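A.B. asks: No sequence on hand, only this structure:
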């Protein structure tokens, strides 16, 4: 019984897209948008509440990240941290609302 509770606890809430990836205390979903030259990303709190939905670009390169670069480590409230020390920065600030 305890194992079943633990598995349910690790899953994403129903309103978080299945393609979102857990990174620390958030779920992150990003798409590659070559025509617009950005990554469109959404970040959700673990309870499923949307935290940020913006266009991002890869820093320090000033370009969009390719699919194989979208290896999420964390989100600090503004920047999505990727492996290899790269970051996705929003083109406009993420306004965190209570």
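C.D. replies: Everything's here; your move. Keep in mind that this is a model prediction, so the values were computed, not measured. Numbering: from 1, shown residues only.

A.B. asks: only C-alpha atoms for contact and neighbour calcs from this point on.
C.D. replies: OK.

A.B. asks: Show me the strands in this structure, by range?
C.D. replies: Here the chain has its strands, by DSSP state E, at 21-23, 26-33, 38-45, 50-59, 72-75, 80-82, 87-90.

A.B. asks: dump the residue contacts of residue 92.
C.D. replies: Counting by Cα atoms under 8 Å, 6 or more residues apart in numbering, residue 92 touches 54, 55.

A.B. asks: Please tell me how far it sits from residue 15.
C.D. replies: Going from residue 92 to residue 15 by Cα to Cα, to the nearest Å gives 24 Å.

A.B. asks: Now the residue nearest the centre of the chain: closest residue in space, sequence neighbours ignored.
C.D. replies: With distances taken as Cα atoms, centre = their mean, residue 28 lies nearest the centre of the chain, 2.4 Å away. Of all residues not flanking residue 28 in the chain, residue 43 sits nearest, at 4.6 Å (Cα to Cα, 6 or more residues apart in numbering).

A.B. asks: cool, and residue 40?
C.D. replies: What sits nearest to residue 40 in space, not counting adjacent residues and going by Cα to Cα, 6+ apart, is residue 55, at 4.5 Å.

A.B. asks: what's the distance between that neighbour and residue 47?
C.D. replies: Look at residue 55 and residue 47: by Cα to Cα, they are 23 Å apart.

A.B. asks: Neighbour count: those two, which is higher?
C.D. replies: Ranked by neighbour count (other Cα atoms under 10 Å), residue 55 and residue 47 place residue 55 first, with 23 against 14.
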